[in-house]
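Asks: Need coordinates for the following:
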Amino acid sequence: MTTGPGGRVRVQDEGKRLAAAELGAELGERATLVQFSSAFCAPCRATRRVLSEVAGMVPGVRHLEVDAEARLDLVRRLGILKTPTVLVLDADGRIVRRAAGQPRKADVIAALGQAV
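Replies: Residues are numbered from 1 along each chain as shown. Okay, the predicted model is just below:
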């Protein structure tokens, strides 16, 4: 999952936390993969498969999908510009990684290393 120079989270994301109430579902015990998707997005379907697979492989990790069109408030607040966009949250809901586009499974697993 690439996030830009040095693989760091964008400055606007640093320290931001997302709560279960904002996402409409409980966070993972160790980490949460939050996917912002839209209805006619082909890469979103492939991303859903990858993130679900990884969440199934790593204990305590949960995959949540957010319909970007239905949650424009959250999309705007987080500066989501395209789908799919994936946020990796730690156990406390802090954003530790962010990537736009379809991620590779190996990159998602590596990004989880920062969250757990």
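Asks: Residue nearest the middle of the protein, spatially speaking?
Replies: The C-alpha lying nearest the average C-alpha coordinate of the chain belongs to Leu87 (C-alpha atoms, centre = their mean; 2.4 Å).
Asks: so it is in which element?
Replies: Remark: Leu87 resides in strand 85-90, with elements defined by DSSP states H and E.
Asks: and the residue nearest to the centre of the chain, what does it touch?
Replies: Applying C-beta atoms under 8 Å, 6 or more residues apart in numbering, one finds that Leu87 lies in contact with Asp13, Leu18, Leu33, Val34, Phe36, Leu78, Ile95, Arg97, Arg98. For glycine as for every other residue, the C-beta is placed from the backbone atoms N, C-alpha and C.
Asks: Same list (these) but as TSV, adding secondary structure and neighbour count.
Replies: Conversion of these to TSV gives the following (DSSP: H, G, I helix; E, B strand; the rest coil; neighbours: other C-beta atoms under 10 Å):
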residue	secondary structure	neighbour count
Asp13	helix	17
Leu18	coil	21
Leu33	strand	28
Val34	strand	26
Phe36	strand	26
Leu78	helix	21
Ile95	strand	22
Arg97	strand	27
Arg98	strand	24
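Asks: Sort out which residues of the longest helix seen in the chain are buried, please.
Replies: Ranked by residue count, the top helix of the chain under DSSP state H comes out as helix 42-57. Within helix 42-57, the residues that count as buried by 16 or more other C-beta atoms under 10 Å are Cys44, Thr47, Arg48, Val50, Leu51, Val54, Ala55.
Asks: Which one of the residues you listed is nearest to Leu72?
Replies: Within the buried residues of helix 42-57, distances to Leu72 taken as C-beta to C-beta reach their minimum at Cys44, with 16.5 Å.
Asks: Settle this for me: that closest one is touching Val66, isn't it.
Replies: No - Cys44 sits out of contact with Val66 when judged by C-beta atoms under 8 Å, with a separation of 10.8 Å.
Asks: which residues do the two both contact?
Replies: With contacts defined as C-beta under 8 Å, 6+ apart, the residues shared by Cys44 and Val66 are Gln35, Ser37.
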